[in-house]
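Participant: sequence isn't available, so here's the structure alone:
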């Protein structure tokens, strides 16, 4: 039986109503950064747009506050009651079903909503940013390598457009790094921050599949406010498609940057907001190494300041990337493919016999069993994806991937399956080349 929960969302001045599994208060559990939200307002937020901000926060809260019971299965039944300004718009059949469709696709859960009147509008003054110098394109932005390279490639390949970056945050980010990255901006570049988050305590559900639902929805809202339809994602093909090709255990396939997810998200947002935003994935058939080589050929530098590590300050790594998580291993294989040196990782020399012996600073903290588990899981995932290159493009895994990407009736179905297989073959070549430089007995040669 699925894990079931009913999350009731209310304004802070409304009384608590019994009947919900979780009481979610706007302002306490759903945090709105008024300064960040102000900057979205090239024109004042419409009621439906304000509703979107609140509902994105409520969905994120529900996803993180309700823990999965992995012993009984992945799926949860999540019901939300949310106050909105325009309940009829939200209950419209197309809008409702596209919302449920995108959430079920990306999370693997069952979602249902009750939209009730009573949203409390936040009065937002006009933006202080200069948002009249387009034509704009919007770029989801972090301090990671992919989004940085896509941002700079836009300047090189489409100099007539003005990139508006919408910046997310995660616990591995820091302001010093962000300020360093910001030195690469052009005179017309603008940056916004995601204005809403959820407060879910110290032990939230870790799968966090709605993270990019919130992020990309706010990116789309920014696009709407500056009258552009183009949203450009820099995610490489291994990051976008790879996790769905090799799902882990009983988990729902990981599709948080998959084009099929953003296509569903666009259907929902376009129905709700009556717009025509499009998510573009220009790097989806390139590995991270190929994107880096392409950027270097265009004369792009400054990528050294970016961070690909999924670990954060609480992991006590001395502000260094760990070097062995999935993000670090993919980055390091990309650096090898691009012929670039690798340094600055906490666990750097992977030819060592154990993780502790691979520390760049031998006086730093010792490795824990969790550190070793992260390394093993990451190496297994890279290996599992690379081993798919032994299959032909006619293999079911590539046919399913092509169907998911473009649909079974497309004239390009067979070519897409071949392209995906070629992408995986390139990944395998880059991964094995990276792994082999540490010798036959290195930490990444883990039997599966």
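Facilitator: Cool, the structure landed. All values reported here derive from a predicted model rather than from experimental measurement. Numbering: from 1, shown residues only.

Participant: correct me if wrong: residue 250 contacts residue 70.
Facilitator: Yes - counting by Cβ atoms under 8 Å, residue 250 touches residue 70, with 7.2 Å between them. To be clear about C-beta, it is placed using only N, CA and C from the backbone, and glycine gets the same treatment.

Participant: what does the average pLDDT come to for stretch 142-150?
Facilitator: Confidence for stretch 142-150, expressed as mean pLDDT, is 93.

Participant: what sits up against it?
Facilitator: 139-141, 165, 167-168, 170, 173, 177-178, 181, 184, 232-236, 239, 282-283, 288, 291-292, 295, 300, 302-303, 305-308, 327, 331, 334 (Cβ atoms under 8 Å, 6 or more residues apart in numbering).

Participant: helices - which of those land there?
Facilitator: The helices, defined by DSSP state H, take in 177, 178, 181, 239, 288, 291, 292, 295, 327, 331, 334 from those.

Participant: from residue 300, how far off is the last one?
Facilitator: Think residue 334. 14 Å (Cβ to Cβ, to the nearest Å).

Participant: just checking, what packs against the lengthiest helix in the chain?
Facilitator: Counting by DSSP H, the longest helix found in the chain is helix 413-436. The helices and strands touching helix 413-436, judged by 3 or more Cβ pairs under 8 Å, 6 or more residues apart in numbering; DSSP states H and E, are helix 237-245, helix 288-297, helix 326-337, helix 369-387, helix 396-406.

Participant: distance from the chain centre to it, please.
Facilitator: Taking Cα atoms, centre = their mean, to the nearest Å, the mean C-alpha location of helix 413-436 is offset from the chain mean by 22 Å.

Participant: ok, stretch 265-283 next?
Facilitator: The answer for stretch 265-283 is 16 Å, by Cα atoms, centre = their mean.

Participant: in it, what's buried?
Facilitator: 265-273, 275, 277, 279-281, 283 (16 or more other Cβ atoms under 10 Å).

Participant: which SS class is the residue nearest to the spatial centre of the chain?
Facilitator: Centroid-nearest residue in the chain, with Cα atoms, centre = their mean: residue 212, separated by 4.5 Å. Look at residue 212: counting by DSSP: H, G, I helix; E, B strand; the rest coil, its state is helix.

Participant: tell me the confidence at it?
Facilitator: Looking at residue 212, its pLDDT stands at 96.

Participant: got the residue ranges for the strands in the protein?
Facilitator: 3-10, 22-25, 30-32, 76-84, 110-117, 136-141, 162-167, 190-193, 196-198, 230-232, 278-280 (DSSP state E).

Participant: those strands: which one's closest to residue 46?
Facilitator: strand 76-84 (12.3 Å; Cβ to Cβ).

Participant: how far does that closest one sit from the chain's center?
Facilitator: Worked out by Cα atoms, centre = their mean, strand 76-84 lies 23 Å from the chain centre.

Participant: contacts for it next, please.
Facilitator: 2-11, 14, 20, 51, 54-55, 58-59, 62-63, 66, 68, 90, 109-120.

Participant: and it, which strands flank it?
Facilitator: If you go by DSSP bridges, strand 76-84 pairs up with strand 3-10 (parallel), strand 110-117 (parallel).

Participant: got JSON lines for the helices and strands packed on helix 413-436, with mean neighbour count and distance to residue 28 too?
Facilitator: Putting the helices and strands packed on helix 413-436 into JSON lines (neighbours: other Cβ atoms under 10 Å; distance: least, Cβ to Cβ, whole Å) gives the following:
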{"stretch": "helix 237-245", "mean neighbour count": "24", "distance to residue 28": "33"}
{"stretch": "helix 288-297", "mean neighbour count": "21", "distance to residue 28": "39"}
{"stretch": "helix 326-337", "mean neighbour count": "23", "distance to residue 28": "32"}
{"stretch": "helix 369-387", "mean neighbour count": "17", "distance to residue 28": "31"}
{"stretch": "helix 396-406", "mean neighbour count": "19", "distance to residue 28": "39"}
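
Participant: compare those helices and give me the one nearest residue 134.
Facilitator: So among those, helix 288-297 is nearest, using Cβ to Cβ, at 24.2 Å.

Participant: for the closest one, packing partners?
Facilitator: Using 3+ Cβ pairs under 8 Å, 6+ apart, helix 288-297 sits against helix 145-157, helix 326-337, helix 413-436.

Participant: okay, those, which one's buried deepest?
Facilitator: Sort the helices and strands packed on helix 288-297 by mean neighbour count, taking mean count of other Cβ atoms under 10 Å, and helix 326-337 sits at the top with a mean of 23.

Participant: circling back: got the strands of the chain as CSV, with distance to residue 350 columns?
Facilitator: Putting the strands of the chain into CSV (distance: least, Cβ to Cβ, whole Å) gives the following:
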stretch, distance to residue 350
strand 3-10, 39
strand 22-25, 43
strand 30-32, 40
strand 76-84, 38
strand 110-117, 41
strand 136-141, 30
strand 162-167, 32
strand 190-193, 35
strand 196-198, 35
strand 230-232, 34
strand 278-280, 36
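
Participant: and of these, who's closest to residue 312?
Facilitator: Nearest to residue 312 among the strands of the chain is strand 196-198; the distance by Cβ to Cβ comes to 15.4 Å.
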